[in-house]
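Trainee: coords below, sequence missing:
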């Protein structure tokens, strides 16, 4: 058995898609007399600066000679990778072993690749130690020649790095041992000559097929926004991608979509929709570029700012001050942090606006510039009462202050109260998990409909 990892053959602006190259490579292996048991699509740390778009890396688990596998992969990279984008820095790693037999260190590298940052030198050293073959290519401004191992690395690309994709490719090689929660995506590709033109997809058929397969297939559409989220806007070769927990369900959705011709389709096993990027954290220990699950208390009223983004401060639920949360700088301290729901999260912002000071939450999201960008949150405890100015029991109007330390009184009726009274608060939230809608969901974020959460869920569809 051979594992072939590849990454970074696409472009943020010029399209292409590493999954397409993986699909072509699987066909090339079959044409050469080999076979492919599994295609794996791995989403890595979404905060990585040098990612192209979704930070996906690919692996093929195949029965093929490792040398032949590298030659086939290299030919396809040189034919299809976006050579004129200096940010594109393709890499291939070939492992002469079964996917469940990769070294522990490579599995750990994959696991950390979803939550941390890796340097190319470290990836190359680990690949060399494991006996894996690697090749890397530069962007257009550094030449297109391949680099074989760490000693062959030469200047190239926008920051002088050749074959940065070997980081993701090595992570993809180790992914099968690194993770135990897997989902599926069936990707249908358009005729390659159509890339860059508007996609012809009948949206009504997409919504109908999505309804038939839900919840086994999820995030196909966003009913609240009326959007077929499975159809990308990028100029690459993907026509649509159907995600779910069951391969037959995603195939049924794809079959039910009326569209322009499908050139080819490929089923991928993937860590999408698994929350593999989340780690438990404490407010005082959060670092930029990582994604956390953190317990906190709302410390200030949510504020809608320019652009429709909604911000609110949180503090440590064990005691932080209600006035400790940062208001504008987005800087986390030992007991305070700013959370934000950006405008593209649409109706999720209404959930955020419904929060009140004192509500206890578990917030999930990436930390950047000291601000946590919300992906989902769980309401653990709601404030359901507040102290208010008393009303007059005779006429019903609000009493007025009778003076410092003298309580309240009704000037018309003469009734009085010694101080504020407790009143019930009507809330638009209930305990449990709330999430961004499908149109704003990160690839790796786990939809609530998949289950397995520690409180009631309120799924978006």
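Mentor: Received the coordinates, thanks. Everything numeric here is computed off the predicted structure, so don't read it as measured data.
Trainee: all contacts plus neighbour counts: C-alpha atoms, from now on.
Mentor: Fine.
Trainee: got the contact list for the strand ranked longest in the chain?
Mentor: The single longest strand within the chain, with elements called by DSSP state E, is strand 371-381. For strand 371-381, contacts defined as CA atoms under 8 Å, 6 or more residues apart in numbering pick out 330-332, 337-342, 359-367, 430-436, 441-442, 445, 455.
Trainee: give me the subset of those residues lying in strands.
Mentor: 337-341, 360-367, 432-435.
Trainee: related to what we said a few turns ago, following the longest strand of the chain, which helix or strand shows up next?
Mentor: strand 385-388 (DSSP states H and E).
Trainee: just to revisit the earlier point, buried residues in the longest strand of the chain?
Mentor: By neighbour count on 16 or more other CA atoms under 10 Å, the buried set for strand 371-381 is 371-380.
Trainee: and of those residues, the nearest to residue 60?
Mentor: Among the buried residues of strand 371-381, residue 375 lies closest to residue 60 (CA to CA), at 30.2 Å.
Trainee: not counting its neighbours along the chain, what's nearest the closest one?
Mentor: Closest residue in space to residue 375, ignoring its immediate chain neighbours: residue 365 at 5.0 Å, by CA to CA, 6 or more residues apart in numbering.
Trainee: okay, now that neighbour: neighbour count?
Mentor: Neighbourhood size, residue 365 [other CA atoms under 10 Å]: 24.
Trainee: let the chain start at 550 from now.
Mentor: From this message on, residue numbering opens at 550, which makes the last subject residue 914.
Trainee: out of the buried residues of strand 920-930, the closest to residue 751 would be?
Mentor: Closest to residue 751, out of all of the buried residues of strand 920-930 and judged by CA to CA, is residue 924, at 29.6 Å.
Trainee: count of neighbours near the closest residue to residue 752 other than its chain neighbours?
Mentor: Counting by CA to CA, 6+ apart, the nearest residue to residue 752 once its immediate chain neighbours are dropped is residue 777, at 6.5 Å. When neighbours are counted by other CA under 10 Å, residue 777 registers 22.
Trainee: next up, phi/psi of residue 777, please.
Mentor: Backbone torsions for residue 777, taken as degrees, to the nearest 10, come to phi -90, psi 90.
Trainee: thinking again about what came up before, OK, contacts around the residue nearest to residue 924?
Mentor: Per CA under 8 Å, 6+ apart, neighbours of residue 914: 827, 840-842, 921-925.
Trainee: against residue 583, how distant is it?
Mentor: Applying CA to CA, to the nearest Å, one obtains 42 Å for the distance of residue 914 from residue 583.
Trainee: next: residue 550.
Mentor: From residue 550 to residue 583 the distance is 10 Å (CA to CA).
Trainee: which neighbours do those two share?
Mentor: With CA under 8 Å, 6+ apart, residue 550 and residue 583 have common neighbours 611-613.
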